[in-house]
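Colleague: Build me a model:
(2 chains, ligands or ions: 2)
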Amino acid sequence: MSATPVVPRPGSAESPAAPAAGLLGVPPRARPGWRVFPARVGAMCVVELQKLRHDRTELYTRAVQPALWLLIFGETFTRLHVIPTGGIPYLDYLAPGIIAQSAMFIAIFYGIMIIWERDSGVLPKLLVTPTPHSALVAGKAFAAGVKSVIQAVVVILIAAVLGVAMTWNPLRLLGVVVVVVLGSAFFSCLSMSIAGIVLTRDRLMGIGQAITMPLFFASNALYPVALMPGWLQAVSKVNPLSYQVDALRGLLLGTPSHLWLDFGVLILAALAGIAAASSLMGRLAR
Amino acid sequence: MTDRTGTDTADALSCTGLAYSFGGARAVDGVDLTVAPGEVFGLLGPNGAGKTTAIRAITTLLPVPAGMVQVFGLDVARERMAVRRLLGYVPQQLSADANLTGRENVELFARVYDVPRRERAPRIVQALEAVGLGDAADRMAGTYSGGMVRRLELAQALVSAPRLLILDEPTIGLDPIARTSVWDRLTEVRAATGMTVLVTTHYMDEADQYCDRLALMHRGRVRALGTPGRLKAELADRRARSGEADGPAPTLEDVFRHFAGSGLTDEQAGGEFRDVRNTRRTASRVG
Ligand SMILES: Nc1ncnc2c1ncn2[C@@H]1O[C@H](COP(=O)(O)OP(=O)(O)OP(=O)(O)O)[C@@H](O)[C@H]1O
Ligand SMILES: [Mg+2]
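Modeller: Ligands and ions are numbered 1, 2, ... in the order given. Below you'll find the model as predicted:
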């Protein structure tokens, strides 16, 4: 070693930090590479929970719409008996679809949020920390998942109050949590990817509204795919929301479903979403 | 364990021909400068001079080719993550998260810089106390005044003990007392840690009082470089030579106007540029 450095070097335990500086004179040691990713995801989820703890109004206001869907649409069509549900009350059939819908609406909002964070300087600041783009995106995606799960609990409780007969088997409920997290991860990444392409909030709001409704209606959330015209069935086949709803129905109601296929599609969709949104994150940094 | 940074004698920051264009517009057009370890270096220049763009290139936000920017000997293009671990960054906008408390705002940055769990709480407290926010730590950042938000952002940047702190107009929009408060806190932490500071400002009094050296940018280029004293002395010299002696000694604002003044035609700009090269040579001799 040639000269004594004026400032402590990162990661050197014997660094001559001035005692006056305390910990602020000692840079934290980097985590080993493989632990960076889960650590960042954890950090983003913690922030999400902290925000929810400070302000729960969004949780309540966002519960209004699913409640109305179940109460008005669900109760009415339960009496009409026009949609073939395989023998279960339509309200029961609808509940998993509404859980998926409310989770999707939350997730779609993340694109708008990331543009807001970009304009306000919050995102640039995070992008200057040792956080790879993929870890940041995955962090946001799982944060969306955390929020959606909490929202899903609210919707499940509303559905239970309305008399929907759902499982209370903890293993199946765990499956529900995983499905909701994966679906939200995909839709938040879809929204963040579009954000990375259009870059302005106004354009994203327009596109967000233009895609959420079709995604919802071109899925099995409200009615069986078999009822749809051919072209809509094709859209539904590539719509991850359909797989999410199918899995939720299977898990919550015990109706026939394709759980392995559903999980497979949702995992692939989430991974593809994270990859796409990460590769577009550079545009948001600029 | 090998030292991740280059040699001990490396400059805190060195830019070589740093250039960046937005589409066709050259926002930064060949900036050469070095910042010595422990220095407070001020980047001055009129609106649109390219200060923020230069800073965003240095902080890895803008993609620049290898060889243009080095931080403590590490190339910004090649070793992004290692460079980021050395940096603290406060952007031009007020950017604390209004929906979190002050403490939680700092906590996020402690987490993303891998501060170990048991060290987290004390480190966050030290960062908040260093900027005088110990008592307001558990209030929502949305209730903070502009000056408090700026100090909170300083705490966010300080919690990872950066070696190079980069502040883009840290006192923009603050009242004189809040401005002094930001600078006083900064000076204290710097004295304790010996970190290097790169700062932009439009307040000439701040530049004069707190910066060791200054670079004056205009239209993407460095037009003058040196200590505040030297920049003023050189303008005095130049005035004396051109016969407009007896006025009051030039202030830093006069220097700013001289190099960035409005009626600057391209022809004159060419002339200025020669002057700048002279200045830069003197500066490096002094430096
Ligand atoms: N994202 C962008 N897209 C296009 N042009 C940009 C962008 N950001 C900056 N510019 C242009 O680049 C030039 C330099 O801008 P920059 O923000 O770096 O200036 P500045 O010195 O920081 O100014 P100020 O003192 O107002 O903050 C300006 O002409 C600006 O219009
Ligand atoms: Mg600027």
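
Colleague: CA only for contacts and neighbour counts going forward, please
Modeller: Noted.

Colleague: what does the stretch 101-250 of chain A put close to chain B?
Modeller: A:S120, A:G121, A:V122, A:P124, A:K125, A:L127, A:V128, A:T129, A:P130, A:T131, A:P132 (CA under 8 Å from any CA of the partner chain).

Colleague: want to try JSON lines for those, with pLDDT, neighbour count and secondary structure as columns?
Modeller: Below are those laid out as JSON lines (pLDDT from 0 to 100; neighbours: other CA atoms under 10 Å in any protein chain shown; DSSP: H, G, I helix; E, B strand; the rest coil):
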{"residue": "A:S120", "pLDDT": "91", "neighbour count": "18", "secondary structure": "helix"}
{"residue": "A:G121", "pLDDT": "92", "neighbour count": "20", "secondary structure": "coil"}
{"residue": "A:V122", "pLDDT": "94", "neighbour count": "20", "secondary structure": "helix"}
{"residue": "A:P124", "pLDDT": "96", "neighbour count": "23", "secondary structure": "helix"}
{"residue": "A:K125", "pLDDT": "96", "neighbour count": "24", "secondary structure": "helix"}
{"residue": "A:L127", "pLDDT": "96", "neighbour count": "22", "secondary structure": "helix"}
{"residue": "A:V128", "pLDDT": "97", "neighbour count": "24", "secondary structure": "coil"}
{"residue": "A:T129", "pLDDT": "96", "neighbour count": "25", "secondary structure": "coil"}
{"residue": "A:P130", "pLDDT": "96", "neighbour count": "22", "secondary structure": "coil"}
{"residue": "A:T131", "pLDDT": "95", "neighbour count": "21", "secondary structure": "coil"}
{"residue": "A:P132", "pLDDT": "94", "neighbour count": "19", "secondary structure": "coil"}
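
Colleague: For those, could you give me JSON lines that also reports distance to ligand 1?
Modeller: Shown next, in JSON lines, are those (distance: CA to the nearest ligand atom, whole Å):
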{"residue": "A:S120", "distance to ligand 1": "14"}
{"residue": "A:G121", "distance to ligand 1": "13"}
{"residue": "A:V122", "distance to ligand 1": "16"}
{"residue": "A:P124", "distance to ligand 1": "13"}
{"residue": "A:K125", "distance to ligand 1": "16"}
{"residue": "A:L127", "distance to ligand 1": "16"}
{"residue": "A:V128", "distance to ligand 1": "17"}
{"residue": "A:T129", "distance to ligand 1": "20"}
{"residue": "A:P130", "distance to ligand 1": "23"}
{"residue": "A:T131", "distance to ligand 1": "22"}
{"residue": "A:P132", "distance to ligand 1": "22"}
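
Colleague: Out of those residues, which is nearest to A:A152?
Modeller: A:V122 (28.3 Å; CA to CA).

Colleague: Please enumerate the helices of chain B.
Modeller: With helices called from DSSP state H, chain B shows them at B:51-58, B:80-86, B:102-112, B:117-130, B:146-158, B:176-193, B:204-210, B:228-241, B:252-260, B:266-286.

Colleague: Actually, chain A.
Modeller: With helices called from DSSP H, chain A shows them at A:33-54, A:57-68, A:75-80, A:90-120, A:122-127, A:133-161, A:170-198, A:201-217, A:230-237, A:240-253, A:259-285.

Colleague: Could I get those in CSV, plus columns for distance to B:F256?
Modeller: Below are these laid out as CSV (distance: least, CA to CA, whole Å):
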stretch, distance to B:F256
helix A:33-54, 43
helix A:57-68, 50
helix A:75-80, 73
helix A:90-120, 29
helix A:122-127, 29
helix A:133-161, 39
helix A:170-198, 38
helix A:201-217, 37
helix A:230-237, 62
helix A:240-253, 59
helix A:259-285, 31
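
Colleague: Nearest residue to B:G134 in space, ignoring adjacent ones along the chain?
Modeller: Once flanking residues are discounted, B:G134 sits nearest to B:L128: 5.3 Å by CA to CA, 6 or more residues apart in numbering or on different chains.

Colleague: cool, A:Q151 as well?
Modeller: In space, A:Q151 comes closest to A:L59 once its chain neighbours are excluded; the distance is 6.5 Å by CA to CA, 6+ apart.

Colleague: neighbours around that neighbour, how many?
Modeller: A total of 15 residues lie near A:L59 under the criterion other CA atoms under 10 Å in any protein chain shown.

Colleague: Does it touch A:A152 like I think?
Modeller: No - A:L59 is beyond contact range of A:A152, at 10.2 Å (criterion: CA atoms under 8 Å).

Colleague: which regions of the stretch 151-287 of chain B sit below the pLDDT cut-off?
Modeller: Scanning the stretch 151-287 of chain B for pLDDT under 70 picks out B:245-246, B:262-287.

Colleague: who in it is up against chain A?
Modeller: So the stretch 151-287 of chain B meets chain A at B:L158, B:V159, B:S160, B:A161, B:P162, B:R163, B:V189, B:A192, B:T193, B:G194, B:M195 (CA under 8 Å from any CA).

Colleague: Can you tell me which of those residues lies closest to B:P116?
Modeller: Nearest to B:P116 among these is B:S160, at 11.3 Å by CA to CA.

Colleague: Check the gap between the closest one and A:A30 for me.
Modeller: B:S160 is 11 Å from A:A30, where distance means CA to CA, to the nearest Å.
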